[in-house]
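# predicted model, plus sequence, below.
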Amino acid sequence: MLKRFDDYDRVAVVTGSDSGIGEAIAVALANEGFDVGVTWHSDEAGARGTAEKVRAAGRKCEVRQLDLTRLPDAAAIVDELADALGGLGVLVNCAGTGINAKAVDTTYEQWRQVLSVDLDGPFLCSQRAARRMLAAGRGGRIVNITSVHEHAPRVGSGAYCAAKGGLGLLTKVMAQELGASGITVNAVAPGEIATPMTGNEDVDPYTIDRPGVPVGRPGDANEVAAVVAMLASPAAAYVTGSSYVIDGGMLLMGPQAGSHLRSDDWRDG
């Protein structure tokens, strides 16, 4: 009889959880009964604010700085947080960065920074998390926050698309390799979400018109966090190697797609 893997540590590490999607994920996991390790790159005050919300949910929280341009050593923060919280059952790779430059204008330094934060970092953090989960022998969950640009190109985002596309395939490979040990690996691919990173800080997404998106608005960080919380749960044991697009239906538009559209004329066919 196959072993059930549903008793993994109720401890989660969420990178880049000082604001936006990462903060929402940390709080959602706390509300689902996880102690949470929070990391920040430049916004320590934001990370402390996230920690307060986690503790308000009745869970333990530890906070550490994480700079994914300082690899491979920076990934040791995963083990440090796991040791401080008494285990590790869930890793969410949410820390990310990007630039706006066409491929021919992207410097090698810019390319390496984006690949380091968005691909190398998640690889090394996932590797550390997976080793701990394998040693514990009780399964676990790894969730990579990618982007709709894991699936679709965007002019001026060559480095970002390369990193997110690579992370999407790494997700599938690790899902194959770790599945029999009860460790699921999935990606969550947001479209435009109303966060500081998209210039929509503290904005109600229902007040922003996006004619080029079928639901007609950007997303909310909590809508992303809800999917991550589902994937992090024991109930999602049969879900692995998948990428959950959370974009209000934008990618369904195919060649009509675009957050740049200024009217609803496309809806009439």
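Okay, I see it. Numbers count the residues shown, from 1 in each chain.
# against which helices or strands is the lengthiest helix in the chain packed?
Ranked by residue count under DSSP state H, the longest helix found in the chain is helix 158-178. When contacts are defined as 3 or more C-beta pairs under 8 Å, 6 or more residues apart in numbering; DSSP states H and E, helix 158-178 packs onto helix 108-115, helix 121-136, strand 140-145, strand 183-190. (Glycine included, C-beta is placed from N, CA and C.)
# go with 6 Å
Of the remaining helices and strands, those touching helix 158-178 by 3 or more C-beta pairs under 6 Å, 6 or more residues apart in numbering; DSSP states H and E are helix 108-115, strand 183-190.
# touching, Ala51 and Glu62? I think so.
No: using C-beta atoms under 6 Å as the test, Ala51 is too far from Glu62 to be in contact (7.9 Å).
# more neighbours: these two, which one.
Between Ala51 and Glu62, counted using other C-beta atoms under 10 Å, the more crowded position is Ala51 (23 against 19).
# quick one: the more buried one and Leu71, what's the gap?
For Ala51, the distance to Leu71 equals 25 Å [C-beta to C-beta, to the nearest Å].
# before we move on, the earlier item: and the longest helix of the chain, C-alpha only, in CSV?
Provided in CSV are the C-alpha atoms of helix 158-178 (Å, rounded to 0.1, in the frame of the first residue of the first chain):
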residue,chain,number,x,y,z
GLY,A,158,13.2,39.1,-22.5
ALA,A,159,15.1,38.5,-19.3
TYR,A,160,11.9,38.2,-17.2
CYS,A,161,10.1,35.9,-19.7
ALA,A,162,13.2,33.7,-19.9
ALA,A,163,13.4,33.4,-16.1
LYS,A,164,9.7,32.7,-15.6
GLY,A,165,9.5,30.3,-18.5
GLY,A,166,12.6,28.5,-17.1
LEU,A,167,11.0,28.4,-13.6
GLY,A,168,7.8,26.9,-15.2
LEU,A,169,9.8,24.0,-16.7
LEU,A,170,11.8,23.5,-13.5
THR,A,171,8.5,23.2,-11.7
LYS,A,172,7.5,20.3,-14.0
VAL,A,173,10.9,18.5,-13.7
MET,A,174,10.9,18.8,-9.9
ALA,A,175,7.3,17.6,-9.8
GLN,A,176,8.4,14.4,-11.7
GLU,A,177,11.4,13.9,-9.5
LEU,A,178,9.7,14.5,-6.1
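# what are the bridge partners for Asn186, then?
Counting by DSSP bridges, Asn186 is bridged to Val143.
# now for it, how many residues are close by?
By other C-beta under 10 Å, 24 other residues sit near Asn186.
# ok, it to Ile142 distance?
8 Å.
# and Gly254, by the same measure?
30 Å.
# pull out the buried residues from stretch 237-248.
Neighbour-count burial for stretch 237-248 flags Val239, Thr240, Gly241, Ser243, Tyr244, Val245, Ile246, Asp247, Gly248 (criterion: 16 or more other C-beta atoms under 10 Å).
# thought the last one was touching Gly212?
I take that to be Gly248. No: using C-beta under 6 Å, Gly248 makes no contact with Gly212, being 9.8 Å away.
# sorry, back to before: of Gly254 and Ile142, give the one with the bigger neighbour count.
Ile142 (26 against 7).
# how close does the more buried one get to Ile208?
32 Å.
# with Leu88 instead?
Using C-beta to C-beta, Leu88 is found at 37 Å from Ile208.
# more neighbours: which of these two?
Leu88 (25 against 13).
# what separates the nearest residue in space to the more buried one that is not next to it in sequence from Gly37, distance-wise?
Of all residues not flanking Leu88 in the chain, Ala82 sits nearest, at 3.9 Å (C-beta to C-beta, 6 or more residues apart in numbering). Per C-beta to C-beta, Ala82 is found 7 Å from Gly37.
# quick one, which of the two is more surrounded?
Gly37 (32 against 23).
# what strand or helix carries the residue nearest to that one when sequence neighbours are not counted?
Computed as C-beta to C-beta, 6+ apart, the closest residue to Gly37 that is not its neighbour in sequence is Leu81, at 3.2 Å. Secondary structure from DSSP states H and E places Leu81 in helix 77-85.
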